[in-house]
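Q: Sequence and predicted structure below; questions after.
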Amino acid sequence: MVLNEGKIGNLKLKNRFVMLPTVTNLSNDGFVSEKGMDYYDRRSKDVALVIVEASYVNKFGKFFKNQLGIDDDDKIEGLKKISRYHSWQWWKSCSADCYAQP
Ligand SMILES: Cc1cc2nc3c(=O)[nH]c(=O)nc-3n(C[C@H](O)[C@H](O)[C@H](O)COP(=O)(O)O)c2cc1C
(Lines give C-alpha, C1' and ligand atoms only; values in the text may rest on other atoms or scores of the structure.)
Protein backbone atom coordinates (compact mmCIF):
# COMPACT_ATOMS: atom_id res chain seq x y z
CA MET A 1 0.00 0.00 0.00
CA VAL A 2 2.66 2.59 0.96
CA LEU A 3 4.61 1.65 -2.16
CA ASN A 4 1.61 2.34 -4.37
CA GLU A 5 1.40 5.62 -6.23
CA GLY A 6 -0.23 8.46 -4.34
CA LYS A 7 -2.02 11.63 -5.36
CA ILE A 8 -2.56 15.04 -3.77
CA GLY A 9 -4.78 17.12 -6.05
CA ASN A 10 -3.06 17.10 -9.45
CA LEU A 11 0.24 16.08 -7.92
CA LYS A 12 1.01 12.42 -8.53
CA LEU A 13 3.45 10.80 -6.12
CA LYS A 14 5.64 7.79 -6.82
CA ASN A 15 4.75 6.25 -3.44
CA ARG A 16 3.03 7.27 -0.21
CA PHE A 17 6.05 8.04 1.90
CA VAL A 18 6.11 11.64 3.08
CA MET A 19 9.04 12.91 5.13
CA LEU A 20 8.17 15.00 8.18
CA PRO A 21 9.72 18.43 8.53
CA THR A 22 12.82 18.34 10.71
CA VAL A 23 14.96 21.31 11.60
CA THR A 24 18.45 20.81 10.14
CA ASN A 25 20.43 23.85 11.28
CA LEU A 26 22.17 23.63 7.89
CA SER A 27 21.38 27.02 6.40
CA ASN A 28 23.92 29.81 6.13
CA ASP A 29 22.23 32.48 8.21
CA GLY A 30 18.89 31.72 6.55
CA PHE A 31 20.22 30.95 3.07
CA VAL A 32 20.19 27.44 1.57
CA SER A 33 23.68 25.93 1.86
CA GLU A 34 25.49 23.16 -0.04
CA LYS A 35 25.06 20.94 3.02
CA GLY A 36 21.35 21.72 3.01
CA MET A 37 21.08 20.77 -0.65
CA ASP A 38 22.94 17.51 -0.01
CA TYR A 39 20.61 16.78 2.90
CA TYR A 40 17.42 17.27 0.88
CA ASP A 41 18.93 15.48 -2.10
CA ARG A 42 19.61 12.37 -0.01
CA ARG A 43 16.19 12.40 1.63
CA SER A 44 14.30 12.90 -1.60
CA LYS A 45 15.75 9.82 -3.27
CA ASP A 46 13.21 7.39 -1.85
CA VAL A 47 10.30 9.27 -0.35
CA ALA A 48 7.73 10.81 -2.66
CA LEU A 49 7.36 14.08 -0.82
CA VAL A 50 9.57 16.00 1.60
CA ILE A 51 8.09 18.70 3.82
CA VAL A 52 10.76 21.34 4.27
CA GLU A 53 11.88 22.23 7.78
CA ALA A 54 10.45 25.00 9.96
CA SER A 55 11.40 28.25 8.24
CA TYR A 56 10.91 31.84 9.29
CA VAL A 57 8.66 34.00 7.13
CA ASN A 58 9.64 37.23 8.86
CA LYS A 59 13.03 38.18 10.31
CA PHE A 60 11.37 38.83 13.67
CA GLY A 61 10.24 35.22 13.70
CA LYS A 62 13.77 33.90 13.28
CA PHE A 63 14.40 31.52 16.13
CA PHE A 64 18.05 30.50 15.73
CA LYS A 65 21.01 31.53 13.60
CA ASN A 66 20.99 28.80 10.98
CA GLN A 67 17.24 28.43 10.65
CA LEU A 68 16.12 28.37 7.02
CA GLY A 69 14.50 31.62 5.89
CA ILE A 70 11.72 32.29 3.41
CA ASP A 71 11.35 35.91 4.47
CA ASP A 72 12.85 37.83 1.58
CA ASP A 73 13.40 37.68 -2.18
CA ASP A 74 17.14 37.26 -1.63
CA LYS A 75 16.41 33.70 -0.46
CA ILE A 76 14.56 32.69 -3.64
CA GLU A 77 17.58 31.50 -5.64
CA GLY A 78 18.65 29.07 -2.93
CA LEU A 79 15.11 27.84 -2.31
CA LYS A 80 14.72 27.24 -6.05
CA LYS A 81 17.77 24.99 -5.91
CA ILE A 82 16.14 22.85 -3.24
CA SER A 83 12.95 22.50 -5.24
CA ARG A 84 14.94 21.76 -8.41
CA TYR A 85 16.87 19.13 -6.52
CA HIS A 86 13.61 17.52 -5.54
CA SER A 87 12.25 17.78 -9.04
CA TRP A 88 15.40 16.36 -10.53
CA GLN A 89 15.36 13.37 -8.18
CA TRP A 90 11.70 12.98 -8.82
CA TRP A 91 12.03 13.03 -12.60
CA LYS A 92 14.86 10.53 -12.46
CA SER A 93 12.77 8.09 -10.45
CA CYS A 94 9.58 8.05 -12.47
CA SER A 95 8.75 7.10 -16.03
CA ALA A 96 8.51 9.97 -18.46
CA ASP A 97 4.80 9.94 -19.05
CA CYS A 98 3.32 9.05 -15.68
CA TYR A 99 3.74 12.16 -13.53
CA ALA A 100 3.12 15.86 -13.79
CA GLN A 101 5.79 18.38 -12.81
CA PRO A 102 5.25 19.30 -9.14
C1 LIG B 1 14.69 16.69 15.55
C2 LIG B 1 13.30 17.10 15.15
C3 LIG B 1 13.13 18.21 14.35
C4 LIG B 1 11.82 18.61 13.97
N5 LIG B 1 11.69 19.70 13.19
C6 LIG B 1 10.45 20.09 12.80
C7 LIG B 1 10.27 21.20 11.94
O8 LIG B 1 11.23 21.80 11.48
N9 LIG B 1 9.01 21.57 11.62
C10 LIG B 1 7.91 20.88 12.09
O11 LIG B 1 6.79 21.28 11.76
N12 LIG B 1 8.07 19.80 12.87
C13 LIG B 1 9.29 19.39 13.25
N14 LIG B 1 9.45 18.30 14.04
C15 LIG B 1 8.27 17.52 14.38
C16 LIG B 1 8.19 16.32 13.47
O17 LIG B 1 8.01 16.73 12.11
C18 LIG B 1 7.00 15.41 13.84
O19 LIG B 1 5.81 16.11 13.69
C20 LIG B 1 7.12 14.94 15.24
O21 LIG B 1 8.38 14.33 15.40
C22 LIG B 1 5.98 13.95 15.60
O23 LIG B 1 6.07 12.83 14.77
P24 LIG B 1 5.15 11.58 15.05
O25 LIG B 1 3.73 12.05 14.92
O26 LIG B 1 5.51 10.59 13.97
O27 LIG B 1 5.48 11.10 16.43
C28 LIG B 1 10.71 17.88 14.42
C29 LIG B 1 10.90 16.74 15.20
C30 LIG B 1 12.16 16.37 15.57
C31 LIG B 1 12.34 15.12 16.43
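A: The structure has been received and is ready for your questions.
Q: so where do the strands sit in the protein?
A: Using DSSP state E, the strands of the chain run over 6-8, 11-13, 18-19, 49-50, 55-56, 68-69.
Q: for the second one, which positions count as buried?
A: The neighbour-count criterion (16 or more other C-beta atoms under 10 Å) identifies L13 as the buried residues of strand 11-13. Heads up, the C-betas are built off the backbone N, CA and C, glycines and all.
Q: Partner strands of it and their direction?
A: When sheet partners are counted by DSSP bridges, strand 11-13 sits next to strand 6-8 (antiparallel).
Q: who's in contact with the strand it pairs with?
A: Contact with strand 6-8 is made by K12, L13, K14, N15, R16, A48, L49, as judged by C-beta atoms under 8 Å, 6 or more residues apart in numbering.
Q: hang on, the fifth one packs against M1?
A: Yes: between R16 and M1 a contact is recorded at 7.1 Å, counting by C-beta atoms under 8 Å.
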